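Novice: have a look; sequence and predicted model below, questions after that.
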Amino acid sequence: MFPSPGGAHPPPDELFAGRYAVDGQLPWGGLVSYYRGSAEGTPLIICIFPMDVSRSRLAEAAFSQLTQSLGRIQCRSIPRVLDAGIIDGVPYVAFQDTRGTPLSHLLRDRKLPSVGVLRIASDVLQALEAAHAQGLAHGDVTPENVIITRESDGALAARVIGTGVVPLLRACPEASAHAAHTGSGKHAVAYMAPELIGTGAFPLSADLYSVGALLHHMVLGSPPVGWETDEGFEDIPALPDVIRRAMAKRPEGRYPDATSMLAALGWVEVESAKLNPQTQDIAPWMESSRIGSIPVPTLASSLPPAHVSSNHPAGTVLSVSGPRPRPKAPIIVQDATSENKRHWVRIALLLVLLGTLVFSGYWWTGQRSANQEALSPDLAPATEYVE
């Protein structure tokens, strides 16, 4: 029995009878099946792996280790694991309810705006950063495994699914008919790092290679097959250098980790905000960046208008007139709390000094009076003798 999206596993409503209510299948992922379900009224997502771990104790142990590592991840870009188990040899994972559209669906007929590209890539790298910290390689960073949602402010955001699935399948060929699968989607090979072809190991740097391919796909509408030009990147002119380093043929030529690539992406956002004339139509007060950990200084004004009647979400084109103002240098504001503390310390020192002087004056006066009293008996007889 090899569960697959083709229906080789038992129907999910039978498989999870008495445990979950299954509402329907989702068009997510590639190798695994995703279903929307619920447990006692709580919505969730059920992921069924295309494996039969009853054939291999090694596969069962590997699945258990994977789910334990996934359960330790705390990252907004990776749905939180709620439950995991094995039913009749079929492994599954249930995670928190997630709403969105696969990135592959958005890329079918259009490219994405540059602001959206950088935010999505940033979320993907944050997910990889969290997974890599647990020693997990994703192994299948393709548009099929990136779910696009919208935040409350209208900005695009990404949730990464399928972490560790392909490495698990490759490590357990006796339990899965998909052990030699290259990944999800028709462009999966273009997302594979060269060192993955013909091997079972998944170095973490291979995920960064896939993010480079993902960036190219989002900006130009296709993965980088035979890519040798920078045309199409006028909106974000510094991005091709980031993609080239991420997609270096040798792993040692790539970014050392997801954190480093995330920081590089942050600087791309900064440089684009300074130099790029193609995004001059974005309202300056909307450009507070959350890419990486580097904030972009607010352009033209530090505050939004007092009243905004437009229904455009943040980052939407508003007009195309007028030159874009250059970013202002960040203003360093002194810490009022520290300054107040220093002020009170100075007052306290002055009071201590004043108290010392007053005490010294009283002490000196007392000493002088005592000396005079000691001398007066000796002087009295002398005066009487002279008379």
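Specialist: Now that the structure is in, tell me what you want to look at.

Novice: my read: residue 169 touches residue 30, true?
Specialist: No - taking contacts as Cβ atoms under 8 Å, residue 169 lies outside contact range of residue 30: 11.4 Å. Quick note: C-beta positions are derived from backbone N, CA and C, even for glycine.

Novice: just the element for the most centrally placed residue in the chain, please.
Specialist: Most central in the chain under Cα atoms, centre = their mean is residue 126, positioned 3.0 Å from the mean C-alpha point. Per DSSP states H and E: residue 126 is located in helix 114-133.

Novice: buried residues in that helix?
Specialist: By 16 or more other Cβ atoms under 10 Å, the buried positions in helix 114-133 come out as 114-132.

Novice: repeat that for stretch 90-98.
Specialist: So for stretch 90-98, counting by 16+ other Cβ under 10 Å, buried means 90-95, 98.

Novice: distance between that stretch and the chain's centre?
Specialist: Mean-position distance between stretch 90-98 and its chain equals 22 Å (Cα atoms, centre = their mean, to the nearest Å).

Novice: that older thread, hmm, the residue nearest to the centre of the chain is touching residue 262, no?
Specialist: Yes - between residue 126 and residue 262 there is a contact under Cβ under 8 Å: 6.9 Å.

Novice: skipping adjacent residues, who's closest to residue 47 in space?
Specialist: Once flanking residues are discounted, residue 47 sits nearest to residue 93: 4.6 Å by Cβ to Cβ, 6 or more residues apart in numbering.

Novice: name the element the one you found belongs to?
Specialist: strand 90-96.

Novice: mind listing what that strand pairs with, with the direction of each?
Specialist: Strands that pair with strand 90-96, judged by DSSP bridges, come out as strand 42-48 (antiparallel), strand 81-87 (antiparallel).

Novice: so after that strand, what's the next helix or strand?
Specialist: For strand 90-96, the following helix or strand on the C-terminal side (DSSP H and E) is strand 101-102.

Novice: same for that following strand, what does it pack against?
Specialist: Under the contact definition 3 or more Cβ pairs under 8 Å, 6 or more residues apart in numbering; DSSP states H and E, strand 101-102 sits against strand 146-150.

Novice: in the strand it packs on, which residues are buried?
Specialist: In strand 146-150, counting by 16+ other Cβ under 10 Å, buried: 146-148.

Novice: dump those to a markdown table, plus pLDDT and distance to residue 183.
Specialist: Below are those laid out as a markdown table (pLDDT from 0 to 100; distance: Cβ to Cβ, whole Å):
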| residue | pLDDT | distance to residue 183 |
| --- | --- | --- |
| 146 | 96 | 13 |
| 147 | 96 | 16 |
| 148 | 95 | 19 |
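
Novice: thank you kindly, that will do.
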